[in-house]
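In: How does the following fold in three dimensions:
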Amino acid sequence: MAHLLVVDDEESICWCLAKLGREIGHTVSVAASAEEALPLAARQPPDAIVLDIRLPGMDGLSAIERLRSVAAAVPIIVITAYGSLDTAVRAVRSGAFEYLTKPFDLDQATEVIQRALARPQASPAKPAADVLPSLPGELLGTSPAMQQVFKRIALVAASEVSVLITGESGTGKELVARAIHRHSARASAALVSVNLASLSPTLVESELFGHVRGAFTGADASRRGLLELADGATVFFDEIGDVLPAVQVKLLRVLEQHEVTPVGETRPRTTCFRVIAATNRELLKSVEEGTFREDLFFRLAGFEIALPPLRERIEDIPLLAEHFLRAAGGAGATARGFSTAAIEELCRRRWPGNVRELRHAVEHAALLARSGVVGPEHFPPVRDLPHGDADDPAAALRRAVEVWAAAQLAPGDAADLYQQLLAKVEPPLFDAVLEKTAKNLSAAADMLGMHRATLRKKIEGAV
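Out: Next up is the predicted model:
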């Protein structure tokens, strides 16, 4: 039997986790603040701590060091409903065992707690530095999908493992690369970005590995390549899926032996850099097709981060739009806000160009909205998609609900959201079924799977 300490100012969270802890055979103490948790931990040292970040008084991340003074190397599971990239990095650097975002299900919490209690005791980690300042172009998002991205960035940033970032064009792969570099031990050095798709096929080897004088026509002087210049830094290979087969062989040799051989020279030169690569291609499919080397793939994909398309994180659209509008204001645009209809329109679109396309649309609208308020009429025309929801009514319905929910949540948490949704969808559903059954109430109730009296009450209540 182990002892679990739960620190959260939400009574419901404390109650659920306490009940969960006891059900899996452990004793549990709860505290509503860090100040209350410290003496509890001193009196009865816990075997694991579940700690909320946003607490009254001392915040959770600041409390980790204080808890370490009384609970030494006890695993600490950090939970929050307000995750950001810097929060995730601080949690990991503070020595947090795991980083969970609300809402989480009880199975997930059980698995994490069990892993924490089964972990061998280790020496406490060095406390994190202060929160790093926000930078232009920082990754933003409160959606569960982006919280997972933040968590994976935090986990891999301090290591030297190579990272492969995947995702559609415009999802922010370079921003992820910059975030990893900014939070790494190489942050004081440069991030050398190499867009492999933009390099001339005839000069790509010279650009990457360098060349000596006379190596080819036009090589009037020796030149150091990008990979030699990147010694001690981080290299970001954008569009890695487009690299030529001949270059793949040499690139693999560089990554494995930390040496580059300039074109026209036989003696290699030492270089050591961290590798981050990105692609919008399915590299494993390219491996199967024989257009991308399998050994190079596994050398690059030491740790993978998959970025979600914007259509799978609709709840982030209002936040991103406001951010881009503020940035546009600094560039001379006069618009300062969005109408409700404008937010609904942004959430309704599919965004094949993802965040990059959203930013373009907001900047476009900010210039046209001379009154200061952006309306749906200020956005560029909707782009046609090769695939849509027109032939899939279920997908169209799901999409409509997502758009409606995102618009309701844009200004803040709405009350009675479920009842509001029922009030929207039940009347047209009832009308359609009644029309199908020639307004036979009993037949309609059978089709809907509810009692005739219930259906009558709902219809009368909607009138």
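In: Mind jotting down where the helices sit in the stretch 101-250 of the chain?
Out: Taking DSSP state H, counting those that start in this stretch as the criterion, the stretch 101-250 of the chain contains helices spanning 106-118, 144-157, 173-182, 204-209, 226-229, 245-257.
In: Run a quick neighbour tally on A96.
Out: Per other CB atoms under 10 Å, the neighbour tally for A96 reads 25. Every residue, glycine included, has its C-beta placed from N, CA and C.
In: Doesn't it belong to a helix?
Out: No. Judged by DSSP: H, G, I helix; E, B strand; the rest coil, A96 forms no part of a helix; its state is coil.
In: Need the pLDDT of it.
Out: The score at A96 is 82. That number is its pLDDT.
In: That one: what's it in contact with?
Out: Contacts for A96 (CB atoms under 8 Å, 6 or more residues apart in numbering) come out as I64, I76, I77, V78.
In: ok so, going back, could you save the helices of the stretch 101-250 of the chain as a markdown table and add columns showing distance to A400?
Out: Formatted as a markdown table, those follow (distance: least, CB to CB, whole Å):
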| stretch | distance to A400 |
| --- | --- |
| helix 106-118 | 29 |
| helix 144-157 | 20 |
| helix 173-182 | 30 |
| helix 204-209 | 47 |
| helix 226-229 | 48 |
| helix 245-257 | 45 |
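In: Those helices: which one's closest to R54?
Out: Among these, helix 144-157 comes nearest to R54, with 14.4 Å by CB to CB.
In: thinking again about what came up before, lowest-confidence stretch among the helices of the stretch 101-250 of the chain?
Out: Lowest mean pLDDT within those: helix 204-209, at a mean of 81.
In: quick one: it to chain centroid distance?
Out: How far helix 204-209 lies from its chain's middle: 33 Å, per CA atoms, centre = their mean, to the nearest Å.
In: Tell me the bridge partners for A31.
Out: Beta-bridge partners recorded for A31 (DSSP bridges): V7.
In: That one: how many residues sit nearby?
Out: Residues near A31, counting by other CB under 10 Å: 21.
In: again, but for the one 4 residues further on
Out: Burial measure for E35: 14 neighbouring residues, criterion other CB under 10 Å.
In: gap between it and F297?
Out: From E35 across to F297, the span is 51 Å (CB to CB, to the nearest Å).
In: that older thread, closest to L155 out of the contacts of A96?
Out: Nearest member of these to L155, counting by CB to CB, is V78, at 12.7 Å.
In: Now do the helix or strand hosting that closest one: everything it contacts.
Out: Per DSSP states H and E: V78 is located in strand 76-80. Outside strand 76-80, the residues that touch it by CB under 8 Å, 6+ apart are 8, 13, 48-54, 60-61, 64, 67, 87, 91, 94-102, 104, 112-113, 116.
In: For T166, list each beta-bridge partner.
Out: Beta-bridge pairing for T166 (DSSP bridges): T279, A306.
In: can you pull the pLDDT of it?
Out: As predicted, T166 sits at a pLDDT of 96.
In: longest helix of this structure?
Out: The helix that spans the most residues within the chain, counting by DSSP state H, is helix 417-436.
In: Could I get the buried residue list for that one?
Out: For helix 417-436, a neighbour-count test (16 or more other CB atoms under 10 Å) marks E426, F430, V433, L434 as buried.
In: how near is Q108 to I77?
Out: Counting by CB to CB, the gap from Q108 to I77 is 11 Å.
In: and what of A18?
Out: Per CB to CB, A18 is found 14 Å from I77.
In: can you check E344 too?
Out: Distance from E344 to I77, by CB to CB: 38 Å.
In: out of the two, which sits in the busier spot?
Out: I77 (22 against 17).
In: give me the beta-bridge partners of that one?
Out: Beta-bridge pairing for I77 (DSSP bridges): V50, E98.
In: Can you check the pLDDT for it?
Out: 89.
In: can you check R356 too?
Out: Listed pLDDT for R356 reads 93.
In: wait, is it part of a helix?
Out: Yes. Assessed with three-state DSSP, R356 lies in a helix.
In: joint contacts of Q108 and I77?
Out: The contact sets of Q108 and I77 overlap at L100 (CB under 8 Å, 6+ apart).
In: To what extent is the residue lying closest to P380 once chain neighbours are set aside buried, counted in neighbours?
Out: Leaving out its chain neighbours, the residue that sits closest to P380 by CB to CB, 6 or more residues apart in numbering is H364, at 5.2 Å. Residues lying near H364 (other CB under 10 Å) number 16.
In: I'd guessed H364 sits against H378; true?
Out: Yes. Using CB atoms under 8 Å, H364 is in contact with H378, at 7.3 Å.
In: Show me which residues of stretch 159-177 are buried.
Out: 162-168, 170-177.
In: same question, stretch 220-231
Out: Going by 16+ other CB under 10 Å, stretch 220-231 has these buried residues: R223, G225, L226, L227, E228, L229, A230, D231.
In: now, which of these sits nearest V156?
Out: Of these, the one sitting nearest to V156 (CB to CB) turns out to be A230, at 18.9 Å.
In: now the closest one: how far from F216?
Out: Taking CB to CB, one finds A230 at 23 Å from F216.
In: is it true that A2 touches P45?
Out: No. Between A2 and P45 there is no contact under CB under 8 Å: 10.9 Å.
In: The two: which has the busier surroundings?
Out: Higher neighbour count among A2 and P45: A2, with 17 against 13, using other CB under 10 Å.
In: list the contacts for the more buried one?
Out: A2 neighbours (CB under 8 Å, 6+ apart): H26, T27, D47, A48, L117.
In: swap in G60?
Out: V7, A34, L51, D52, I53, R54, V78, T80.
In: need the contact list for the one residue sitting closest to the centre of the chain.
Out: Note on the chain: the residue nearest the mean C-alpha position is M146, at 2.2 Å, using CA atoms, centre = their mean. Neighbour list for M146: L139, L140, P308, R313, D316 [criterion: CB under 8 Å, 6+ apart].
In: next one: C272
Out: C272 is in contact with D231, G232, H258, counting by CB under 8 Å, 6+ apart.
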